[in-house]
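Asker: build me a model:
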Amino acid sequence: MSITDNLLHIRSTLPEQVQLVAVSKTKSIDEILEAYKTGQRVFGENKVQELLTKWESLPKDIEWHYIGHLQSNKVKYIAPFIAMIHAVDSIKILNVINEEGRRYGRRIPCLLQFHIAKEESKFGFQTSGVDELFSSVELAALDYILFSGVMGMATYTEDHEVIDFEFSNLHTLFDKLKSTYFSENDNFAEISMGMSHDYLQAIQNGSTMVRIGSTIFGERNISV
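Answerer: Numbers count the residues shown, from 1 in each chain. Sure thing, here's the model as predicted:
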């Protein structure tokens, strides 16, 4: 099937309220343009230099989401245009994003990444330390960050019960954060969870944003 066919199929499985982030890392300009011509406008990248090249080359109505682990010294390169940073996983990176937002005079939408999987290799705040996190960060001082919700990645497993448990925990955590810290923030509305192999389960557990790459574009080109 073509990229166009894949996109149309995936869209047919998504509820209206769920946003699709097409993960285009390692994919060519032509491949992204095929998705663009099918109406896709939101794309996700995880390498800053690759993202910059694509941002310069592709239509400017594309919303670029940064979905990988972001190093603090790279924030300055994407701060002028990035539509959302998905994987904000430390107080340090929060402060850097805030300062770069201040420099460019824009509030940068961010998702707080939480470690919900059994795999230690995944990044994110610990769910058990939520109250400590927010008692140590003066949210009002981060006036150039637009807190937009949470993000998490489930364990890569065929055990659907494990995946359901982890996604359900992230949804519960979102509800706690919303009611306790962001009740007055209408922008705090996103639960970004679910990828090609588990996005349907994520939707069942309340995901509002799914990140899908290989099911759209095919397996990634590791030579890029």
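
Asker: and the strands in the chain?
Answerer: 19-23, 42-45, 63-66, 84-88, 108-115, 125-126, 145-151, 190-192, 209-212 (DSSP state E).

Asker: so what's the closest residue to I212 other than its chain neighbours up against?
Answerer: Ranked by Cβ to Cβ, 6 or more residues apart in numbering and with sequence neighbours excluded, the top spatial neighbour of I212 is S196, at 5.1 Å. Where C-beta positions appear, they are placed from N, C-alpha and C, glycine not excepted. When contacts are counted by Cβ atoms under 8 Å, 6 or more residues apart in numbering, S196 touches I212, G213, S214, T215.

Asker: please pull out the lowest mean pLDDT helix or strand from this protein.
Answerer: helix 130-136 (a mean of 77; mean pLDDT, DSSP states H and E).

Asker: picking that back up, least confident of the strands of the chain, on average?
Answerer: Per-stretch averages of pLDDT across the strands of the chain put strand 125-126 at the bottom, with a mean of 86.

Asker: roughly how far apart are the residue positioned nearest the centre of the chain and A141?
Answerer: In the chain, the centroid-proximal residue (Cα atoms, centre = their mean) is H86; its distance is 3.2 Å. Applying Cβ to Cβ, to the nearest Å, the value for H86 to A141 is 22 Å.

Asker: and the lengthiest helix in the chain, what does it pack against?
Answerer: Identified as the longest helix of the chain according to DSSP state H is helix 160-180. In terms of contacts (3 or more Cβ pairs under 8 Å, 6 or more residues apart in numbering; DSSP states H and E), helix 160-180 is packed against strand 108-115, helix 130-136, strand 145-151, strand 190-192, helix 199-204.

Asker: counting by contacts, list what the fourth one packs against.
Answerer: So the one you mean is strand 190-192. Using 3+ Cβ pairs under 8 Å, 6+ apart: strand 190-192 touches strand 145-151, helix 160-180, strand 209-212.

Asker: contacts for the longest helix of the chain, please.
Answerer: 112, 114, 116-118, 127, 130, 134, 149-150, 152, 154-155, 157, 188, 191, 193-194, 198, 201-202, 204-207.

Asker: at 6 Å what do you get?
Answerer: 116, 127, 150, 152, 154-155, 188, 191, 193, 198, 201-202, 205-206 (Cβ atoms under 6 Å, 6 or more residues apart in numbering).

Asker: lowest-confidence one in those residues?
Answerer: T127 (81).

Asker: ok, Q126 - how many residues close by?
Answerer: If you count neighbours by other Cβ atoms under 10 Å, Q126 ends up with 11.

Asker: nope, N98 is what I was after
Answerer: There are 19 residues near N98, going by other Cβ under 10 Å.

Asker: what's the spacing between it and D159?
Answerer: With the distance defined as Cβ to Cβ, N98 ends up 39 Å from D159.

Asker: over to L133?
Answerer: From L133 to D159 the distance is 29 Å (Cβ to Cβ).

Asker: the two: who's more crowded?
Answerer: L133 (18 against 9).

Asker: if the spatially closest residue to that one that is not a sequence neighbour is in a bridge, with which residues?
Answerer: Spatially, and ignoring its direct neighbours in sequence, L133 is nearest to F125 (5.9 Å; Cβ to Cβ, 6+ apart). For F125, the beta-bridge partners under DSSP bridges are F114.

Asker: just to revisit the earlier point, and the least confident helix or strand of the chain, C-alpha only, in CSV?
Answerer: These are the backbone C-alpha positions of helix 130-136, laid out as CSV (Å, rounded to 0.1, in the frame of the first residue of the first chain):
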residue,chain,number,x,y,z
VAL,A,130,4.5,14.3,40.9
ASP,A,131,3.8,16.3,44.0
GLU,A,132,7.5,16.8,44.7
LEU,A,133,8.0,17.9,41.1
PHE,A,134,5.3,20.6,41.2
SER,A,135,6.2,21.8,44.7
SER,A,136,9.7,22.4,43.5
